[in-house]
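Engineer: Fold the following, please.
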Amino acid sequence: MTAKRCAFITYGCRLNQYDTQAIREEILSLGFEEEDGAEPEGSEAGLDLVVVNSCTVTARAGEKVEARVRALARRNPAAAIIVTGCLTEEDRARLGEIPGVEHLVGNEEKDRIPEIVAGRARPGERPSRRADRHIFSLGVSAFAGHTRAFLKVHDGCDDFCSYCVIPYLRGASRSRAPDDVLAEARRLADAGHRELVLTGIHLRQYGFDLGLEAGLVDLLPRLREIPGIDRVRLSSIGERAFSERFVALFRADDGLCPSFHIPLQSGSDGVLARMRRGYTAAEYLDTVERIRAELPSATIATDLMVGFPGETEEEFAESLETCRRARFLQMHIFPYSPRPRTRAARFPDPVPAEVKLARVERARSLAAELSGEERRRRIGDRVRVLVETVEEGVATGLSREGLRVSLPARGAVRGEEVRGIITHVLPEGVEGRLDAGA
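Structural biologist: Below you'll find the predicted structure:
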């Protein structure tokens, strides 16, 4: 009997990438066969099952998901399509009308998708609760084809920033039990992953809801004690996480990667207050300065929202100046779009679309300038690179500091670290020579 063919499509954050992998492992264990190359847009056809893990953090993201689902349905009229992830009520209404979409499964029911596919459960049987811990019942054993592995330790949010729909779609802030985290980390190490990337909506809040005040300060050293785990990296983390004890961990253990994605969202105090972010631009910059003083090799990336309601030209200029002072290696820049149920969706003084787009381009130009400057500062630095590809005599991978590095491939093996010295800046990274003194 021919195995049923399936595909998995993922949009959005690293949490979604982790969740997709966990769902994939469960569904493949049911006897499905994943279609090779089904991820690139436009290549899926003749499938029996498609799981789409969606993102709706911006209006554009939601539109992309809807367009993709419609295309999937046209190419696979016999397929059962399951859409999960962050889904607003408006998303549900539109997606539910597409022929072939059999189930719309919210974030808090993702763990039930394998049962739904097997015909043992239907979505909606378990009441949705903001604090439900079933979201951690799915797990992963490996990330095939990847040198690094994502490890989900947190989900949900209680902050309710004025522009953000995530608290409504992912529920309350919840942490995964440390023993469960460590058990999965051991499985990933056994699968050959030498680097773990901890993921969560609010990594800073890890453990708080479990009564573990130390949170990451306790968890990170325990992860590093696992044989085979040479590197631990953090995904996005708030500026208030960088306590003296937290920074000291990274100073004492170079296996804790000093690359930090710290969302700024705006560098203007007026906009930050309207966003309800809970910090000022000066407080954010103080955190950056402390990181650089204690961890000189650290790199910092950020998110910047442009065109928030009421953002004046002066406030936008303040944002750009804050970015200059922060010296970001990377900036994820996106225009504000109103999201349902959020306070900002009701704010007056929307920024005209043409002004918003012009500011996005100005911010991107600054981001490219800052990235080039930051990479040029790294010339002469010694780095350790986890090799991801070896092609035509060149090994490429990610340094502990988060730099994309190309080195001569002599003796390099995918999934292993090599040492190098940065010599030149490339358009999207840096290149170097092997470190003969290593």
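Engineer: Residue 394 bridge partners, please.
Structural biologist: residue 391, residue 408 (DSSP bridges).
Engineer: contacts for the lengthiest helix in the chain?
Structural biologist: As assigned by DSSP state H, the longest helix anywhere in the chain is helix 353-377. Residues outside helix 353-377 that contact it (C-beta atoms under 8 Å, 6 or more residues apart in numbering) are 299, 304, 306-307, 316, 319-320, 323-324, 327-331, 333-336, 351, 403, 425, 429-430. Placement of C-beta: from N, CA and C, glycine included.
Engineer: what about it, average pLDDT?
Structural biologist: Regarding helix 353-377, the rounded mean pLDDT is 98.
Engineer: count of residues packed around residue 245?
Structural biologist: 11 (other C-beta atoms under 10 Å).
Engineer: same deal with residue 359?
Structural biologist: Around residue 359 there are 21 residues (other C-beta under 10 Å).
Engineer: quick one: which of the contacts of helix 353-377 sit in strands?
Structural biologist: 299, 304, 306, 330-331, 333-335, 425, 430 (DSSP state E).
Engineer: how about those in a markdown table, adding pLDDT, neighbour count and distance to residue 19?
Structural biologist: Shown next, in a markdown table, are the ones in strands among the contacts of helix 353-377 (pLDDT from 0 to 100; neighbours: other C-beta atoms under 10 Å; distance: C-beta to C-beta, whole Å):
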| residue | pLDDT | neighbour count | distance to residue 19 |
| --- | --- | --- | --- |
| 299 | 98 | 26 | 27 |
| 304 | 98 | 23 | 26 |
| 306 | 98 | 25 | 29 |
| 330 | 97 | 16 | 24 |
| 331 | 98 | 20 | 26 |
| 333 | 97 | 18 | 26 |
| 334 | 95 | 16 | 22 |
| 335 | 96 | 18 | 27 |
| 425 | 97 | 18 | 36 |
| 430 | 98 | 22 | 33 |
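Engineer: May I ask which two of those residues are separated the most?
Structural biologist: 335 and 430 (29.7 Å; C-beta to C-beta).
Engineer: residues near residue 363, how many?
Structural biologist: 22.
Engineer: what do you get for residue 293?
Structural biologist: Neighbours of residue 293 (other C-beta under 10 Å): 10.
Engineer: Please apply the same query to residue 33.
Structural biologist: Counted with other C-beta under 10 Å, residue 33 comes out at 12.
Engineer: List the residues that contact it.
Structural biologist: 3-6.
Engineer: Test my guess that residue 20 contacts residue 51.
Structural biologist: Yes. With contact defined as C-beta atoms under 8 Å, residue 20 reaches residue 51; the gap is 7.3 Å.
Engineer: Need the residues touching each of those two.
Structural biologist: residue 8.
Engineer: domain parsing for this protein?
Structural biologist: 5-117, 133-377, 382-434 (automatic domain parsing).
Engineer: can I have stretch 86-97 written out in CSV, keeping just the CAs?
Structural biologist: What follows is stretch 86-97 as a C-alpha-only set of coordinates in CSV (Å, rounded to 0.1, in the frame of the first residue of the first chain):
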residue,chain,number,x,y,z
CYS,A,86,-1.6,32.3,15.2
LEU,A,87,-5.0,32.8,13.8
THR,A,88,-7.3,35.8,14.4
GLU,A,89,-11.0,35.5,14.1
GLU,A,90,-10.7,37.3,10.8
ASP,A,91,-8.1,34.8,9.6
ARG,A,92,-10.4,31.9,10.6
ALA,A,93,-13.3,33.4,8.7
ARG,A,94,-11.3,33.7,5.5
LEU,A,95,-9.4,30.5,5.7
GLY,A,96,-12.5,28.5,6.7
GLU,A,97,-14.1,29.3,3.4
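Engineer: No more questions from me, cheers.
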